[in-house]
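Chemist: sequence-free structure coming up:
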C-alpha cells in the first residue's frame, strides 16, 4: 500500500488497547519518538482495522502533561493531594517494609489488592498470592460483569457467553448496549451485518439508548423489572409449546420444575404488565416471535447488575435461549468467548515451585463475606470491612489501574475507609482521586509503553500481544518492573531475574499451540471456535444447562429464578429512580483527561421525560439539582421523549466530576456515585448502581 | 461517469459516537473546531420516538456556493472535485459560512477558514480518516459513481440543497 508522507519512516509496533477491559489488538505508528497514528489490527476479527472513539483518542496518553512521572510519597493529610517526589529505591524499600510489617502484625490476608483485570496484573497477583500469601486479590468485576458471569457459571458452567449477532435472525438485548458503549468493533459490525440481512433487533430499556435507536422495536420498561418480562416470556413460550422439546429433554436440567414454578408463581404476561408497564400483548407477541424465529439470541449485561434482583433477572433472560434451543450454535448465545476460555490457560509470568509457595491460611474476603458463587469481591462492601475490621482486619490496599473513589458507590464511605487504612499504594498513570488518599503513588506505564500478553474476547480462543512503542514519561515504569523492584527488596529477587522480557512472555504462553515469534508477527493468535459443547457435557454439576441450579441449592439460595422488586423503591419524598448510562465517547473514569473527548461534551447531563420535567418547571438545558437521601449534585437537564416517566438518567453516570486526575478532567460535570448508598446483589456481589431514589428541582 | 469525489453518509447506521470527528482531528492535527459536526434529531412522542444521527463535513459540492461567495477567491475546486481553501488568500470574512448549506466552513484560532480536505495527504489506496474509523461503516468515501452504487444498494438518495436546488455530494437514506 502507498504510504502517506506523514507515515513515511514511521515504525509500526503491536499493542493491545487498554482503555476499557475488552482488549483490542492495535497497530501503533511511531515517528521521531512520537506516536503519530494508530489503527485497529486489520487482520483481527475483533478490530477489523478500526478502533472505537475512546481507544482512538487515547493516543493522548502518550502526550498528556498531567501523567504521573515520578514515585510520590504523601506529605499532607490523606486526600489533600500533597506529595513529595521520592526515588524508586525509596519507594520499593518503604513498600517492602510495610508489607513485611502488615504480615507480621495482622497476617498476609490483611493486604488487599484491587486491579482492573488486565495489563500485566498477573505480575503482582502472582507475587501477592504465591510469595506473599494473601488470598485477597480482586478485580473490577463487581462494577462490571459479575452478574453476567455468575449467571453463566450457574446455568452453563462457563465463565462467559457471547452473542453471535452476525448469524442471528432475532436479537433481544436487555440492558446491553453494544452501540451506546462501543467496545469491540466486531460486535458493532456483527450487529449491523445481522440487520442488513434482515434480523429483527429488539431492545428492552427504560431509555431510547443508541442501540434502541437502531432497533426494530424499542420496548420501554420500568427500570429494574426486566426479570418479570423475561419470566412471563418463558411462561408464554412453555404454555404455548413453542419451546425446543428435544433440546430441553436432552440438555437441560430442571425444565419441569421451572415450568411448575412459573405456574405456581403465576408469572403471566398480565402479571408482568402490572410490574413492568409493558403491555401483556406485547410480551406475548415478542415471546412468540423470539421462540419461532431461529436462530435467535437474548442477552443482557451490566444494566442488570445495577439492581439487587439482577442475578435472577439475568438468569431468566439467559434461560430464554436454553428453552428455545438457541445455545452454542451459530446465531445464538455461544458458551465461550470470555477472557478465560483458553485451554490450557495462560500461565503466570513467573515460576514459583509448589514447595516454595506461601501458604494461604485464611479464606478470601469474598468467601468470608458469604459470596461463594461470585466471581470476585463485592467491592462496595470493602469500605465497611476496612472500617469495622470484620470478618478480619484489612489494613493495607494496593491499587492498580483502578479508582474506586470515582467508580464505586457511596463515595463518602470509601473516603472514610481510605483514611482508616494503615498503608495504601496506588499504581496509576494519573494522580486519581483514590491515589490522592494513598501513602505511596507509583507512575505506571500506559499500554503504548509496555510488554504484555492477554486473552481476547472472541468466540474462538484468542491471545493478544503488546510491545512498547515508546518509553514511559519521566521515571514511570511498567508493572512488571515495579513488582520486580518490590520483590527484590523482600528477598524474592530470584524469581524475577529475567535477562529480557521474552523470558516471562514465553512462560505465559507455554503449552499453547503457537510461538512467541508467531504472536509478535501478527500481534495476536486465534484458534477455532467450538460449538454445541453441551453434547459432551457442560461444567455444571449435572453436566447440563441448569435451569434448576444445583449450585444455588447447595448454598441455600433459590435454585429457580424468581422476580423480586428492587431494594430501593421511589416514594413521595424521593419520587424518581436514578439510573445511569454511557456516552459512546467516554470510558468509565478513564478518558476524561483527553481534551478531544471533553470537547465533544464538556459536562454530563440528566435525561428526563417532558411530563416529569413540566411538573417541576424544568426546561431543556436548565441546570437541575438531583438529591438523594445521601447527597446532591447539579447537572444539566436534557428533556427527551426517549425515556420512561419516573426516572432520571444521568449520562454518563460516573466518570465526570473528577476532582483529581488532571487539569482537563477536573471539575467538569458531576458523578452520581456520592448519591448512591451501598447495595450489592446478594449472589453475584455486583454493585447495585441503580438502587437509588432521588428528587429533582431547578437549580 | 463521474470521478468526482464525495461522501456517503448512512444515517441508518450513524450512532453519534464521534469517532469520525476524533479520527479527523488526530489525522489533521487540528484544534477546535473539528471539520466534522455530528448532530442528533429527535422526533415523535413517548413511546413512539425516533432519533436520527448525522455526521457532516464539507460535502465537496458539485457547484459550491462557498467558491461563488468568496471575495478573495481563496476557495477552489480540484480536478477530482475536492474543494480546498488557500489560507494565504483567506480574509477571514466568513461569507462562505453564510452560504454553505452544511455548516462546513470552520474557523480556528487563526480566524481563517478551515474545513475538510478529504484527507488530501492520504493516498487514494488509503481510506479517509473518518471512513477508516467508523465502527458501523456509516461513512463511505469515493467517487460519485462508487457512491451511486452504494446508495442504490442501501436505498439512499442524493441530498439536494433545498435552498437553491444545486447538487451536493451527500447521500442519505430516505
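Modeler: Received it, and whenever you're ready, just let me know what you need. Since we're looking at a predicted model, the values are computed, not measured.

Chemist: low-confidence regions, the chain specifically.
Modeler: With no chain named, the answer covers chain A. A:1, A:118-119, A:337-340 (pLDDT under 70).

Chemist: please go with chain B instead
Modeler: In chain B (pLDDT under 70), the answer is B:1-2, B:31-32, B:156-174.

Chemist: helices along that one, start to end?
Modeler: For chain B, applying DSSP state H gives helices covering B:19-28, B:65-69, B:95-99, B:129-133, B:144-153.

Chemist: next one: the stretch 151-300 of chain A
Modeler: A:185-196, A:210-213, A:226-239, A:245-251, A:255-265, A:269-276, A:280-292 (DSSP state H, counting those that start in this stretch).

Chemist: please list the residues of chain B that sit near chain A.
Modeler: B:12-13, B:15-19, B:21-23, B:25-27, B:32, B:34, B:42, B:44-47, B:49-51, B:53, B:121-126, B:132-137 (Cβ under 8 Å from any Cβ of the partner chain). From N, CA and C alone the C-beta is placed, and that goes for glycine too.

Chemist: one more time with 6 Å, if that's ok
Modeler: B:15, B:17-19, B:22-23, B:25, B:32, B:45-47, B:49, B:51, B:121-123, B:125, B:133, B:135-136 (Cβ under 6 Å from any Cβ of the partner chain).

Chemist: and stretch A:181-189, how far from the chain's centre?
Modeler: 15 Å (Cα atoms, centre = their mean, to the nearest Å).

Chemist: tell me which residue is most central in the chain.
Modeler: If you meant another chain, say so; for now it's chain A. When Cα atoms, centre = their mean is applied to chain A, the residue found nearest the centroid is residue A:144 (3.1 Å).

Chemist: the intended chain is chain B.
Modeler: residue B:57 (2.7 Å).

Chemist: I'd assumed residue B:116 was in contact with that residue.
Modeler: Yes - between residue B:57 and residue B:116 there is a contact under Cβ atoms under 6 Å: 4.0 Å.

Chemist: okay, and the common contacts of the two?
Modeler: Common neighbours of residue B:57 and residue B:116 are listed as residue B:35 (criterion: Cβ atoms under 6 Å, 6 or more residues apart in numbering or on different chains).

Chemist: ok, the closest residue in space to residue A:466 that isn't next to it in sequence to residue A:16 distance?
Modeler: In space, and not counting its chain neighbours, residue A:466 is closest to residue A:452: 4.0 Å by Cβ to Cβ, 6 or more residues apart in numbering or on different chains. Counting by Cβ to Cβ, to the nearest Å, the gap from residue A:452 to residue A:16 is 6 Å.

Chemist: and residue A:475, by the same measure?
Modeler: Counting by Cβ to Cβ, the gap from residue A:475 to residue A:16 is 24 Å.

Chemist: these two: which is more packed in?
Modeler: residue A:16 (22 against 14; other Cβ atoms under 10 Å in any protein chain shown).

Chemist: quick one, what contacts that one?
Modeler: Here residue A:16 is in contact with A:23, A:25, A:454, A:464, A:466 (Cβ under 6 Å, 6+ apart).

Chemist: out of the residues you listed, which sit inside helices?
Modeler: Using DSSP H, none of these sit in helices.

Chemist: for those, could you give me CSV that also reports neighbour count?
Modeler: Listed next are the contacts of residue A:16 as CSV, based on neighbours: other Cβ atoms under 10 Å in any protein chain shown:
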residue, neighbour count
A:23, 27
A:25, 27
A:454, 25
A:464, 28
A:466, 28
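
Chemist: with respect to chain B, which of those residues is nearest?
Modeler: Nearest to chain B out of these is residue A:25 (Cβ to the nearest Cβ; 15.3 Å).

Chemist: strands of chain B, residue ranges please.
Modeler: Taking DSSP state E as the criterion, chain B carries its strands at B:5-9, B:37-45, B:48-56, B:75-77, B:83-85, B:106-107, B:113-114, B:139-143, B:156-160, B:167-173.

Chemist: starting at the chain centroid, how far to the fifth one?
Modeler: In terms of Cα atoms, centre = their mean, the centre of strand B:83-85 is set 12 Å apart from its chain centre.

Chemist: report the closest residue of the stretch 451-600 of chain A relative to chain B.
Modeler: residue A:584 (3.7 Å).

Chemist: pretty sure that residue sits against residue A:183.
Modeler: No - at 10.2 Å, residue A:584 and residue A:183 do not qualify as touching, with contact defined as Cβ under 6 Å.

Chemist: and the stretch 551-699 of chain A, which of its residues are near chain B?
Modeler: A:584, A:585, A:596, A:599, A:600, A:641, A:642.

Chemist: could you find the closest non-adjacent residue to the last one?
Modeler: When you say that, I think you mean residue A:642. Spatial nearest neighbour of residue A:642, excluding adjacent residues (Cβ to Cβ, 6+ apart): residue A:208 at 2.9 Å.

Chemist: hmm, that neighbour is touching residue B:49, no?
Modeler: Yes - in this structure, residue A:208 is within contact of residue B:49 by Cβ under 6 Å, at 5.3 Å.

Chemist: give me the more crowded residue out of those two.
Modeler: residue A:208 (25 against 18).

Chemist: may I have the secondary structure class of residue A:305?
Modeler: helix (DSSP: H, G, I helix; E, B strand; the rest coil).

Chemist: and for it, the neighbour number?
Modeler: 32.

Chemist: list phi and psi for the residue of chain B positioned farthest from its centre.
Modeler: Most distant residue from the mean C-alpha position of chain B: residue B:47, 32.7 Å away (Cα atoms, centre = their mean). Dihedral pair for residue B:47: phi -90, psi 10, per degrees, to the nearest 10.

Chemist: surely it touches residue A:221?
Modeler: No - the criterion here is Cβ under 6 Å, and residue B:47 misses it with residue A:221 at 10.3 Å.

Chemist: residue A:394 - nearest residue in space that isn't next to it in sequence?
Modeler: residue A:386 (4.9 Å).

Chemist: burial measure for that neighbour, as a count.
Modeler: 22.

Chemist: cool, the one 3 residues further on as well?
Modeler: A total of 13 residues lie near residue A:389 under the criterion other Cβ under 10 Å.

Chemist: before we move on, what about residue A:183?
Modeler: Look at residue A:183: counted by other Cβ under 10 Å, it has 23 neighbours.

Chemist: repeat for residue B:29
Modeler: 8.
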